[in-house]
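Colleague: Here's a sequence, model it:
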Amino acid sequence: MRSHVNLLGILQLAWGAMGLLVGVSLMLLAAGAAAIARTDADPLTAAFTALLFVVFGLALSAAGWANAWTGRAIRAYRAAGRTFALVLALLNLFVLPFGTALGIYTFWVLLHNESRAMFEPPPAGAA
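Modeller: Numbers count the residues shown, from 1 in each chain. You can find the predicted model right below:
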């Protein structure tokens, strides 16, 4: 099960990197739309488009950062990473098709008894 936990961490990192990449791309598109708003005959439409790009770019960047952090925490076997991954898995189920697959795989890996034991702190008397 350890190999599945490591693979899940890598997949979370990759999913987070893609989210960050799309978020940055939308921010660049927002800059282009803002430039058009300054020169176009209909600046309101371009400004609204730029605002939408910024909102969605920030949302995707935040989601990408959260997935990347979770991937690192899972690979470090932190209990908080496991909990956060399960919450993100629920949200990723609605992102068809790759988020759904990642969410299902996350539930399968992290709810298994062997992997659950990997994230528990060692007993106080263990050295």
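Colleague: And Thr45, what's its pLDDT?
Modeller: Looking at Thr45, its pLDDT reads 87.
Colleague: hmm, I was thinking of Ala124
Modeller: So Ala124 comes in at 76 (pLDDT).
Colleague: Equivalent analysis for Gly9, please.
Modeller: 97.
Colleague: How about Val87?
Modeller: 97.
Colleague: If you count neighbours, what's buried in the helix or strand hosting it?
Modeller: Val87 belongs to helix 79-92 when assigned by DSSP states H and E. Neighbour-count burial for helix 79-92, counted by 16 or more other C-beta atoms under 10 Å, picks out 81-82, 84-85, 88-89, 92. From N, CA and C alone the C-beta is placed, and that goes for glycine too.
Colleague: contact partners of that helix?
Modeller: 8, 12, 15, 66-67, 69-70, 72-74, 99-100, 102-104, 106-107, 110-111, 116, 119-121 (C-beta atoms under 8 Å, 6 or more residues apart in numbering).
Colleague: how near is Val87 to Pro43?
Modeller: Distance from Val87 to Pro43, counting by C-beta to C-beta, to the nearest Å: 41 Å.
Colleague: what helices or strands is the helix or strand of the chain with the lowest mean pLDDT leaning on?
Modeller: In the chain, no helix or strand scores lower on mean pLDDT, DSSP states H and E than helix 113-118, which sits at a mean of 92. Helix 113-118 sits against helix 2-39, with contacts defined as 3 or more C-beta pairs under 8 Å, 6 or more residues apart in numbering; DSSP states H and E.
Colleague: Give me the buried positions along the helix it packs on.
Modeller: Those would be 5, 8-9, 11-13, 15-16, 19-20, 22-23, 26-27, 29-30, 33-34, 36-37, for helix 2-39 by 16+ other C-beta under 10 Å.
Colleague: before we move on, the earlier item: and the next helix-or-strand element following the helix holding Val87, what does it pack against?
Modeller: From helix 79-92 onward toward the C-terminus, using DSSP H and E, the following helix or strand is helix 98-110. Taking 3+ C-beta pairs under 8 Å, 6+ apart as contact, the helices and strands that helix 98-110 lies on are helix 2-39, helix 79-92.
Colleague: can you state the direction angle for the last one and helix 2-39?
Modeller: Using axes from the mean of the first three to the mean of the last three C-alpha atoms, to 10 degrees, the interaxial angle of helix 79-92 with respect to helix 2-39 works out to 60 degrees.
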